[in-house]
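> below is the structure, and that's it, no one-letter string:
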Ligand SMILES: NC(=O)c1ccc[n+]([C@@H]2O[C@H](COP(=O)([O-])OP(=O)(O)OC[C@H]3O[C@@H](n4cnc5c(N)ncnc54)[C@H](O)[C@@H]3O)[C@@H](O)[C@H]2O)c1
Ligand SMILES: O=C(O)C[C@H](O)C(=O)O
C-alpha cells in the first residue's frame, strides 16, 4: 500500500475514533491537516452534551448550517459513535469528537460558540428546579473549561434550570476574570417556538408568519408570553389569553408527561437551539437586525437576569429592548414572576459563590 494511502486511512481512522488533533503524518513528515480544518471563514462551534436527546439532533442541525466550518462534539459518553455518524453527512463542516473530561479542553480551544445541553432532563412530577442538584455542578465544570480555553466564545446555555444555570455560568466566568455579560445567553427560544405554534393554531395562520415575544425566565409562571405584542397584531378573547398563556407556560410539562418518564423535549428543543445558534452566528458575522428573545444579564427590569428581546451582533448581545406597553394581565404576570425568578437567580449565585 502506498504511504499516501496509508496516511489517508490512518487519518480517517483517527477521526472516527474521536481524535482531536489536526496533525497528520505523511511520508514521515508531520504537518497540519488542511482538510480537517473546515471551510475558510466559517465559525467553530462546540456542543457539550452532544450524545444526549437534544445533543444528537442539535449536532445534526449544526452540521447542516453553512456558517459552521468546524463542529466539536463533546460528551462523557458515546461521542465516537455520534461523531462517526454525523461526520458522514455530505456538508463541508468538519466534525470532531471528544470523549470524557480529559478531552474537554481540546474540545473548547478556539471555539466561537459553545452550546451546552449537558445535564439530566425532567421526569413527570418534577420541576426544573429539581434538576438543580446535578445540573448545577455539570454547568459549573463545563463553564470552567470555557473560561480557560475559549473565554471570548459566545455561550448558549440550555441545561435546566436555565433561571439558575445562567447565573452560575456568569459567576464561574467572573471568578476566572473573563465574564462578558454580552456573550452569555440562556436559550429560551423553545418558549417562543411553542408560543408561535400555539398562537398560529388559534388564529389560523402559518406559524412562520407569527412572532410572539416571550419574556421573564424559563420555568412555569416565569415564562411570560406578551400576547398584546404578537407580530402581526391579533386581538384575543380573555379565554384565548388564559388558554394560550397556560399552554405556553406548561409546554415543557406537556412533553414531559407525554414522554412518560423517558425524558423531556429533545427534537423541538434541538430545532429551537439550532435556530438560536444560527441567529448568534449571523450576529457574529455582522448581519443587521438579528433579534431574538434570550435570558441574559439585563437592566430591563430590576432583576439581574431577564429574558427579553435582544439584538445580536458581533459583540453578542448588543442591545436588550425594553418590554414595551403591557396590558393589565401581563403587568400582573410580570409582578408575580419576579419573586420566583429572583429566588432561582439567587440560588445559582449562592451555588457558584460557595
Ligand atoms: N432550555 C430549554 O428550553 C430546554 C429544553 C429542553 C431540555 N432542556 C434541558 O436540557 C438538558 C438536556 O436534556 P436532554 O433531553 O438532552 O438530556 P439527555 O439525558 O438525553 O442528554 C444529556 C447529555 O448530557 C451528557 N452529560 C452529562 N454530564 C455531562 C458532563 N459533565 N459533560 C458533558 N456531557 C454531560 C449526558 O451524557 C447526555 O448525553 C436537561 O437539563 C433539560 O432539562 C432545556
Ligand atoms: O420542560 C422541561 O423540563 C424541558 C424544557 O425546559 C422545556 O421547556 O421543554
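Noted; the coordinates are in hand. Please read all numbers here as calculations on a predicted model, not as lab measurements. Ligands and ions are numbered 1, 2, ... in the order given.
> pick out the residue of the stretch 201-350 of the chain closest to ligand 2.
residue 252 (2.2 Å; CB to the nearest ligand atom). The C-beta positions use only the backbone N, C-alpha and C, and glycine is treated the same way.
> what sits against that residue?
By CB atoms under 8 Å, 6 or more residues apart in numbering, residue 252 lies in contact with 122, 128, 190, 264, 265.
> chain center to stretch 234-248: distance?
Relative to its parent chain, stretch 234-248 has a centroid offset of 28 Å by CA atoms, centre = their mean, to the nearest Å.
> please apply the same query to stretch 77-90.
20 Å.
> which parts of that stretch count as buried, going by neighbours?
Buried residues in stretch 77-90, counted by 16 or more other CB atoms under 10 Å: 78, 79, 80, 82, 83, 86, 87.
> among those, which one sits closest to residue 206?
Using CB to CB, the shortest approach to residue 206 within those belongs to residue 86, at 30.3 Å.
> could you give the number of residues near the closest residue to ligand 1 within the stretch 151-300 of the chain?
Residue nearest to ligand 1 within the stretch 151-300 of the chain (CB to the nearest ligand atom): residue 160, separated by 3.4 Å. Residue 160 is flanked by 26 other residues according to other CB atoms under 10 Å.
> tell me the confidence at it?
pLDDT for residue 160: 98.
> again with residue 28
pLDDT, residue 28: 33.
> repeat that for the one 10 residues further on.
pLDDT, the model's per-residue confidence, is 46 for residue 38.
> re earlier: okay, and the residue of the stretch 201-350 of the chain closest to ligand 2 sits in which element?
helix 251-259 (DSSP states H and E).
> report the buried residues of the following helix or strand past that helix.
Tracing the chain C-terminally past helix 251-259 and defining elements by DSSP H and E, one meets helix 267-285 next. For helix 267-285, a neighbour-count test (16+ other CB under 10 Å) marks 268-284 as buried.
> which ones are touching the residue in the chain that ligand 1 sits nearest to?
Residue nearest to ligand 1 within the chain (CB to the nearest ligand atom): residue 52, separated by 2.0 Å. If a contact means CB under 8 Å, 6+ apart, then residue 52 has 75, 117, 118, 266 as its contacts.
> tell me the SS of it?
The three-state label given to residue 52 by DSSP: H, G, I helix; E, B strand; the rest coil is coil.
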